[in-house]
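**Student:** Sharing a model that was predicted from the sequence below.
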Amino acid sequence: MRFARQREQLQGFYAKAGALLLDSRIVRRLGLALGLRVPPVTTGSDLTAELFQHWIAPDEPVTIIGTTTKSVAYLIRKFSLTRVAHFAPAFGFETKPQIIDDCVEFARQHPARFVFLACGAPRQELLAYRMHEAGGLTGVGLCIGAAIDQIGGAERRAPAWIRAAGLEWSWRIAREPRRMGLRYWSNLAIIPALVRERFRTGNAPAA
C-alpha cells in the first residue's frame, strides 16, 4: 500500500531489487481467496533468524546499518557473534544526502556476505538503492525492518502460534494500539486493490 501511495518515489527502488518477498499472511490468504497466484510468506524476522541460526558462523563478518546499539548487543550475545560492524544513522537520515553517503561508505569499508538494513521502510529501500547505484559493494543486502530488535530480544514478537494463525497484526495492535491501529486501518485499502488485481489479471486459483 505504501508503494501504491508513493509509486513515483518508490518504483525505481523496487525495480532494482534482486527479490521482492511477501511478508503478510493476511495478504496471502486474501490473495488465495480471490484466486490470485501469491508467493509463500517470508517475513524479515523469520528470514533473519534463519540466517543467524543456521547459515552465519559466529566468526563471520556481518554488517548492520540501522536499529540500535542495544539491539545489536543483544544479537551479538545471543549468537556469540565476534565480527559485527554496526552503524546507526541519525533519525531522518533519508533527507540528508551526506548521512546516506556515510551509510554507503560504511558498507563499502565493512564488506560482508550479508548486509542487514534495519531502518524501516521506505528508508532501508532507499539506502539499498543508493548502495546498488554506488557500485563496488559486495554481498547480499537485506531490508529487514525491526527483525534484529525482535530476534535480539529488545522487542517482543508475537508467539509462534499467533503468527501461524495469521494474527500477528492483532498482537501488534494490542501492544501499540494508537500507532499500529492507525497503520493497519490505513492498509485496509489492500482489499479493493487485490480485488482489482483479480479482475485485471483473470488469474485462476493457485494450485
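**Tutor:** Nice, I can see it. Residues are numbered from 1 along each chain as shown.
**Student:** From now on I want contacts and neighbour counts done on CA atoms only, so please keep to that.
**Tutor:** Noted.
**Student:** In contact with Leu20: list those residues for me.
**Tutor:** With contacts defined as Cα atoms under 8 Å, 6 or more residues apart in numbering, Leu20 is in contact with Tyr14.
**Student:** Identify the residues contacting the residue positioned nearest the centre of the chain.
**Tutor:** Centroid check for the chain by Cα atoms, centre = their mean gives Ile144 as the closest residue, at 2.9 Å. Going by Cα under 8 Å, 6+ apart, Ile144 touches 44-45, 48, 116-120.
**Student:** Save those as a markdown table, and put in pLDDT too.
**Tutor:** As requested, the contacts of Ile144 are exported to a markdown table (pLDDT from 0 to 100):
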| residue | pLDDT |
| --- | --- |
| Gly44 | 90 |
| Ser45 | 90 |
| Thr48 | 95 |
| Phe116 | 98 |
| Leu117 | 97 |
| Ala118 | 96 |
| Cys119 | 93 |
| Gly120 | 88 |
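**Student:** Export those residues as a markdown table, with columns for distance to Leu36, neighbour count and secondary structure.
**Tutor:** Formatted as a markdown table, the contacts of Ile144 follow (distance: Cα to Cα, whole Å; neighbours: other Cα atoms under 10 Å; DSSP: H, G, I helix; E, B strand; the rest coil):
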| residue | distance to Leu36 | neighbour count | secondary structure |
| --- | --- | --- | --- |
| Gly44 | 23 | 20 | helix |
| Ser45 | 25 | 19 | helix |
| Thr48 | 27 | 19 | helix |
| Phe116 | 31 | 26 | strand |
| Leu117 | 30 | 27 | strand |
| Ala118 | 30 | 24 | strand |
| Cys119 | 31 | 25 | coil |
| Gly120 | 28 | 15 | coil |
